[in-house]
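>>> What follows is a predicted protein model with its sequence.
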Amino acid sequence: MKIATAETARWLSELEATAEELMNRHLAAAREWFPHEYVPWSLGRDFDGPLGGEPWRPEQSALAPAVRSALVVNLLTEDNLPGYHWTIGSRTSRDGAWGAWLHRWTAEEDRHAAAIRGYLHAARAVDPVALERSRMAHLAAGTAPDLDGVLGVVAYAAVQELATRVSHRNTGRLSGDPVCERLLARIAQDENLHMVYYRELLRAAVEVDADQVLVTLDATIRDFAMPGQAMPGFGRLAAEIAVAGVYDLRVHHDEVLVPLLRALRVTELTGLGPTGEQARERIAAHLARTDARAARFVERRDQALAVRARRAGAG
């Protein structure tokens, strides 16, 4: 159920000045960059099809399978920009500071997709036919998060932008390709600025109604799912990415949830009412459960990798 229109109007009004201030701060901090400068065009050559080039083969890719999977997930997530643009615009506003941010954010996110796709094609890093079919299927499904009003958008985006930043950064670090790492590090810088915008909006909202913010934040982190859930083969891709350490429960807990909650000083807030205190308790419980699940996952992964290494050595 969506928050009432009057409640949405209230939050838009309460946060309008902050949204404008943060937009101006973002524009001052953001640095212009160009996707074409990060793509290794000299590696590119024609594919098969109308141009009669060389078909793609797996051995043409210099990347490990898990890195290829992470790049596909990252790109298809960026490709789903129309769904996120519509969701944010319909829950907030297309006017004033809110609208200015929405359009600026959309332009920057679209640049990420262009850059990653250019890299993947030029470097022959992944199967271009499978990639395009997955893009078509993912966008045709029309999947977008179902968020409750202004606070739902801000809370979800604060978590998601940080998670995306971490995923891009880790993918680049594990790629073994300096070109890929440089590109994804540049994209991660954008994602960090996006996260800061939403995090600071959330911080401002705490000053207005901490109870409601904590209730929304509690629901957001408990229900949070990475935005690629609906893409073809996501379960297999996510498992491969987790085993490789690109993004798993340990990363989610240590590098996303804990830093965000610490920045918002959730454990230190005073003057909460019953609903806020209960939400804070649920947040703490969820954090503890996630930490425990992450520890079990890492232990099982380490055991499985040790067994695989022994078998490889014996072979």
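Nice, I can see it.
>>> per-residue confidence at Gly228?
Predicted confidence (pLDDT) for Gly228: 69.
>>> Over to the one 5 residues further on?
With respect to pLDDT, Gly233 scores 83.
>>> Run through the residues that contact it.
Contact analysis of Gly233 by CB atoms under 8 Å, 6 or more residues apart in numbering lists Ser134. Where you see a C-beta, it was placed from the backbone N, CA and C, and this is true even at glycine.
>>> what about it, distance to Ser69?
Gly233 is 9 Å from Ser69, where distance means CB to CB, to the nearest Å.
>>> And for Pro145?
22 Å.
>>> so Ala114 sits right up against Pro35, yeah?
Yes: taking CB atoms under 8 Å as the definition, Ala114 is a contact partner of Pro35 at 4.8 Å.
>>> Those two - which one has more neighbours?
Each of Ala114 and Pro35 has its neighbours counted (other CB atoms under 10 Å); Pro35 has more, 19 against 14.
>>> Now do the contacts for the residue nearest to that one when sequence neighbours are not counted.
In this structure, Pro35 finds its nearest non-sequential neighbour in Ala115, 3.6 Å apart by CB to CB, 6 or more residues apart in numbering. Going by CB under 8 Å, 6+ apart, Ala115 touches 35, 38-39, 183, 186-187.
>>> and what of Pro128?
Here Pro128 is in contact with 47, 56, 120-121 (CB under 8 Å, 6+ apart).
>>> Next, the residues that contact stretch 206-219 from outside, please.
Residues outside stretch 206-219 that contact it (CB under 8 Å, 6+ apart): 11, 14-15, 148, 151-152, 155, 202, 205, 264, 266, 269, 271-273, 275-276, 279-280, 282-283, 286.
>>> Show me how to select, in ChimeraX, the buried members of those.
Buried subset of the contacts of stretch 206-219, written as a ChimeraX selection, criterion 16 or more other CB atoms under 10 Å:
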select :11,14,15,148,151,152,155,202,205,264,266,269,276,279,280,282,283,286
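>>> Tell me where the stretch 1-150 of the chain has strands.
With strands called from DSSP state E, counting those that start in this stretch, the stretch 1-150 of the chain shows none.
>>> can you map out the helices along it?
Along the stretch 1-150 of the chain, the segments classed as helices by DSSP state H, counting those that start in this stretch run 5-29, 65-79, 81-91, 96-122, 128-140, 149-175.
>>> Just put those helices in CSV and tack on mean pLDDT and distance to Arg310.
Output for the helices of the stretch 1-150 of the chain, formatted as CSV (pLDDT from 0 to 100; distance: least, CB to CB, whole Å):
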stretch, mean pLDDT, distance to Arg310
helix 5-29, 94, 49
helix 65-79, 95, 20
helix 81-91, 91, 45
helix 96-122, 97, 34
helix 128-140, 94, 33
helix 149-175, 96, 23
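>>> circling back: and of the contacts of Ala115, the nearest to Ala100?
Proximity of the contacts of Ala115 to Ala100 (CB to CB) peaks at Ile187, which lies at 21.9 Å.
>>> who touches the closest one in this structure?
By CB under 8 Å, 6+ apart, the contact set of Ile187 is 112, 115-116, 168.
>>> ditto for Glu16
96-98.
>>> From what I see, Glu181 and Ala188 are in contact.
No: the criterion here is CB under 8 Å, and Glu181 misses it with Ala188 at 10.2 Å.
>>> neighbour count winner among these two?
Neighbours per residue, other CB under 10 Å: of Glu181 and Ala188, the larger number sits with Ala188, 20 against 16.
>>> Just want the angle from the longest helix belonging to the chain to helix 65-79.
Counting by DSSP state H, the longest helix found in the chain is helix 178-223. Put simply, helix 178-223 runs at 70 degrees to helix 65-79, going by axes from the mean of the first three to the mean of the last three CA atoms, to 10 degrees.
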